[in-house]
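>>> Provide a 3D model corresponding to the input given below.
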Amino acid sequence: MSEVNQQTIADHLGLSRATVSRCFTNHAGISPVTRAKVFQTAAEIGYTHMETRAPSSKKSKKPVRFSVLICSDTEEYFRGGYESPGEQILAGVSEYAQSHGARVDVNLIPPDVEDLDDPAFGKVEGLVRREASGVLLIYPFPEKVIDQLALRFPLVSLVDQLEHTSIDCVDVDHYYGISSVVDHLVAAGHERIGFYTKDYQVEASWSYRRYSAFIEKMARLRIKTSPKDVIGMFPRGSTSLEQSIDEAAERSKQGVTAWVCAADHQAYDLIQGLKKRDLKVPKDVSVTGFDGIERVGRNPALTTVQIPFREIGITGAERLAARLRKRFHGKQHVYISGKLRAGKTVASPSS
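Sure, this is the predicted structure:
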């Protein structure tokens with residue numbers, strides 16, 4: 001196997017090696033988006049940046065080094081069809097790091113890894129050598145991994161709220177986002193609205209929070225919600241993607257005129273699945289998402305909630321830096337409001 005180095009990354013992205021090198025040294029002339037793409041590719045191919053400098057006779061201050069851990073399989077993280085939220089979050093983290101002279105290491109950790117002794121963590125040099133100043137977590141991780149990391153490093157969780165006494169979290173305001181989506185559907189004339197989500201290998205707390213926000217909003221509006229119009233959420237049994245779409249199609253034929261999906265990628269899967277079952281969006285049924293990721297290819301312009309991922313990345317890095325200064329202060333949860341983005345997947349119910 002050929003050596004993985006900065007030239008490999010440069011060739012993969014069509015950049016010069018000098019540009020890639022400057023990304024790892026937080027050069028001011030590199031845009032946050034480019035730096036995020038380089039970090040992302042480095043994580044994909046397993047490259048870890050190591051600085052090699054001659055030792056100084058003077059004792060220098062240890063540089064701040066953020067270790068970013070992303071709980072995702074490589075294939076899922078780089079899945080095509082839409083822009084990755086992780087890329088936007090990394091752009092924000094990178095922007096903060098560049099302006100504050102911090103280093104950033106990025107690593108993908110498969111969801112089935114449940115212990116720090118797993119070889120997947122053995123490749124994360126900042127953790128193995130305890131060189132990381134602190135850790136930023138992107139996406140849900142197994143509880144055991146979180147507990148083990150919390151004993152070793154200051155932690156900040158991004159886009160996932162953790163029930164842990166010492167971990168800061170930066171997340172979107174789920175209720176505000178779901179509330180704006182439901183208001184948009186009701187204004188269009190929808191009265192029977194369903195909720196659609198799916199199970200994940202690592203429990204997705206954000207899905208539960210968006211579901212609870214949906215139920216609260218419907219109750220506030222005095223709109224009844226049948227348990228049969230909720231797919232993929234306890235106590236209903238888990239099903240495959242095709243089975244869940246079959247169920248959504250059947251419920252649509254029985255009167256559901258709109259589906260609130262817990263995430264954009266779920267909405268895209270649902271729209272494509274309904275199309276194969278001869279249901280057109282939005283002519284026959286409306287569909288909304290939640291994330292605001294940019295569509296790619298022939299995906300429709302989705303009505304969704306635009307999450308400020310870049311701002312979450314910046315704020316998360318700020319919180320980690322603050323926790324480094326005051327290690328044992330009380331935890332903070334920061335919620336940032338998203339914004340409704342109307343697309344072409346919502347229309348008035350057909351008569």
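
>>> Show me what V68 is bridged to.
Under DSSP bridges, the beta-bridge partners of V68 are V106, L136.

>>> Distance check, it against S16.
24 Å (CB to CB, to the nearest Å). Placement of C-beta: from N, CA and C, glycine included.

>>> In terms of neighbours, single out the busier of those two.
V68 (28 against 11; other CB atoms under 10 Å).

>>> so what's that one up against?
Contacts for V68 (CB atoms under 8 Å, 6 or more residues apart in numbering) come out as 39, 90, 93, 104-107, 135-136, 138.

>>> same thing but at 7 Å, please
By CB atoms under 7 Å, 6 or more residues apart in numbering, V68 lies in contact with 90, 93, 104-106, 136, 138.

>>> Find me the pLDDT at it, would you?
pLDDT recorded at V68 is 93.

>>> Would you mind stating the distance between it and G313?
Going from V68 to G313 by CB to CB gives 9 Å.

>>> Overlap in contacts, these two.
Residues touching both V68 and G313 by CB under 7 Å, 6+ apart: 90, 93.

>>> thinking again about what came up before, just the closest of the contacts of V68 to I271, please.
Of all the contacts of V68, I271 sits closest to I138, with 26.0 Å by CB to CB.

>>> gap between the two ends of stretch 104-120?
The stretch stretch 104-120 measures 18 Å between its terminal residues, going by CA to CA, to the nearest Å.

>>> Contacts for that stretch, please.
Against stretch 104-120 from outside (CB under 7 Å, 6+ apart): 39-40, 42-43, 48-49, 65-74, 77, 90, 93-94, 97, 121, 124, 126, 142, 144-145, 148, 201-202.

>>> what two of the contacts of V68 have the greatest distance between them?
Top of the distance list for the contacts of V68 (CB to CB): D105 and I138, 13.0 Å.

>>> can you give me the strands in the stretch 151-300 of the chain?
With strands called from DSSP state E, counting those that start in this stretch, the stretch 151-300 of the chain shows them at 155-158, 168-172, 193-196, 230-231, 258-261, 286-288.

>>> can you put the contacts of V68 in JSON lines and add neighbour count?
Output for these, formatted as JSON lines (neighbours: other CB atoms under 10 Å):
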{"residue": "L90", "neighbour count": "31"}
{"residue": "V93", "neighbour count": "30"}
{"residue": "V104", "neighbour count": "25"}
{"residue": "D105", "neighbour count": "22"}
{"residue": "V106", "neighbour count": "27"}
{"residue": "L136", "neighbour count": "26"}
{"residue": "I138", "neighbour count": "27"}
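
>>> between those, which is nearest V346?
I138 (29.5 Å).

>>> Apart from its neighbours in sequence, what residue is nearest the closest one?
Leaving aside its chain neighbours, I138 sits nearest to I70 (4.5 Å; criterion: CB to CB, 6 or more residues apart in numbering).

>>> The one you found is in contact with L137, isn't it?
No: I70 is beyond contact range of L137, at 8.2 Å (criterion: CB atoms under 7 Å).

>>> Pick out whichever of the two has more residues nearby.
A side-by-side neighbour count of I70 and L137, using other CB under 10 Å, places L137 first with 25 against 22.

>>> Next up, the contacts around that one.
Contacts of L137 by CB under 7 Å, 6+ apart are 69, 155, 157-158.

>>> do that again at 8 Å, thanks
Going by CB under 8 Å, 6+ apart, L137 touches 69, 71, 146, 149, 155-158, 160.

>>> Is there a quick PyMOL command that grabs whichever of the contacts of stretch 104-120 are buried?
Restricted to buried positions by 16 or more other CB atoms under 10 Å, the PyMOL selection for the contacts of stretch 104-120 reads:
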select buried, resi 39+40+42+43+49+66+67+68+69+70+71+72+77+90+93+94+97+121+124+126+142+145+148+202
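
>>> so of the contacts of stretch 104-120, which ones are in strands?
Counted as lying in strands by DSSP state E, out of these, are 65-71.

>>> In CSV: the residues you listed, plus distance to I178.
Shown next, in CSV, are those (distance: CB to CB, whole Å):
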residue, distance to I178
R65, 37
F66, 31
S67, 32
V68, 28
L69, 28
I70, 25
C71, 23
